[in-house]
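A.B. asks: Fold the following.
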Amino acid sequence: MFTGLVEEMGEVISVARGEKSLKIKIRCKKVLEGAKIGDSIATNGTCLTAVELGNNYFTADCMFETVKRTNLKRLKSGSKVNLEKSLTLATPLGGHLVTGDVDCEGKILSIKQEGIAKIYEISVEPRLMKYVVEKGRITLDGASLTIVDFTKESISVSLIPHTQEMITLGYKRIGDYINVETDLIGKYVERLLHFDSNKDEKKNKGIDKKFLLENGFL
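C.D. replies: Numbering: from 1, shown residues only. Presented below is the predicted three-dimensional model:
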């Protein structure tokens, strides 16, 4: 698990492309503090396992599911990536609970200046829009951000100058792709409410809307 608070921006040293896989080597510093082989490091919001560690880099393997679903396939030498180590029970939860399991790639549709801030509108697959609420949280390239507006197929976030400098979104342009992870809580609520909709699951009583109402959850 992660918080969506980016610790640093790393730089891609190399990308080795295999058959339906990638091996990525990333230059960094802060996320290496106390790190060991096998640790999870969110890279553009994608939970990757460190398979090699150096004084100023780590290497991670990406399987086909990761390559297919995320913008890691678009990386090249010199690309900047958001990095965050996995949280512990002592980690301040300044963002929100982030799994590092990217739902889809979004595309930047527009960038508008609004006072000191920039408003970024980003496409999101329609199937995921049910997890989007105004002033809710969304993870973009691993950064926990607040949704300020949304349509049927897009969300908008606002970045102050400091945030623009600290995360990859601040350096992206219209047409660039960004990893999107929607809020975890909404997915669990949906699953609980529709648990008995599958014929194979109707044998189990599960938790339904009536149960939640009777127990004060709705």
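A.B. asks: State whether residue 147 and residue 155 are indeed in contact, as I suppose.
C.D. replies: Yes. Under the criterion of CB atoms under 8 Å, residue 147 is in contact with residue 155, at a separation of 5.2 Å. (Glycine included, C-beta is placed from N, CA and C.)
A.B. asks: Comparing these two, which residue is more hemmed in?
C.D. replies: Residue environment comparison for residue 147 versus residue 155 gives the larger neighbour count to residue 155, 25 against 19, counting by other CB atoms under 10 Å.
A.B. asks: where's that one, which helix or strand?
C.D. replies: In this structure, residue 155 is located in strand 154-159 according to DSSP states H and E.
A.B. asks: And for that strand, what's in contact with it?
C.D. replies: 106, 109, 114, 117-124, 132, 138, 140, 145-150, 167, 169-170 (CB atoms under 8 Å, 6 or more residues apart in numbering).
A.B. asks: Helices of the chain, start to end?
C.D. replies: Using DSSP state H, the helices of the chain run over residues 64-69, 161-166, 184-193, 209-214.
A.B. asks: nearest to residue 36, of those helices?
C.D. replies: Residue 36 sits nearest to helix 64-69 of all those, at 21.4 Å, using CB to CB.
A.B. asks: thinking again about what came up before, rebuild the helices of the chain as a markdown table, extending it with distance to residue 50, mean pLDDT and mean neighbour count.
C.D. replies: Converted to a markdown table, the helices of the chain look like this (distance: least, CB to CB, whole Å; pLDDT from 0 to 100; neighbours: other CB atoms under 10 Å):
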| stretch | distance to residue 50 | mean pLDDT | mean neighbour count |
| --- | --- | --- | --- |
| helix 64-69 | 14 | 95 | 14 |
| helix 161-166 | 22 | 96 | 14 |
| helix 184-193 | 23 | 86 | 14 |
| helix 209-214 | 40 | 75 | 12 |
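A.B. asks: in stretch 59-78, what's buried?
C.D. replies: Residues of stretch 59-78 classed as buried under the neighbour-count rule (16 or more other CB atoms under 10 Å) are 59-62, 66, 69-72, 75.
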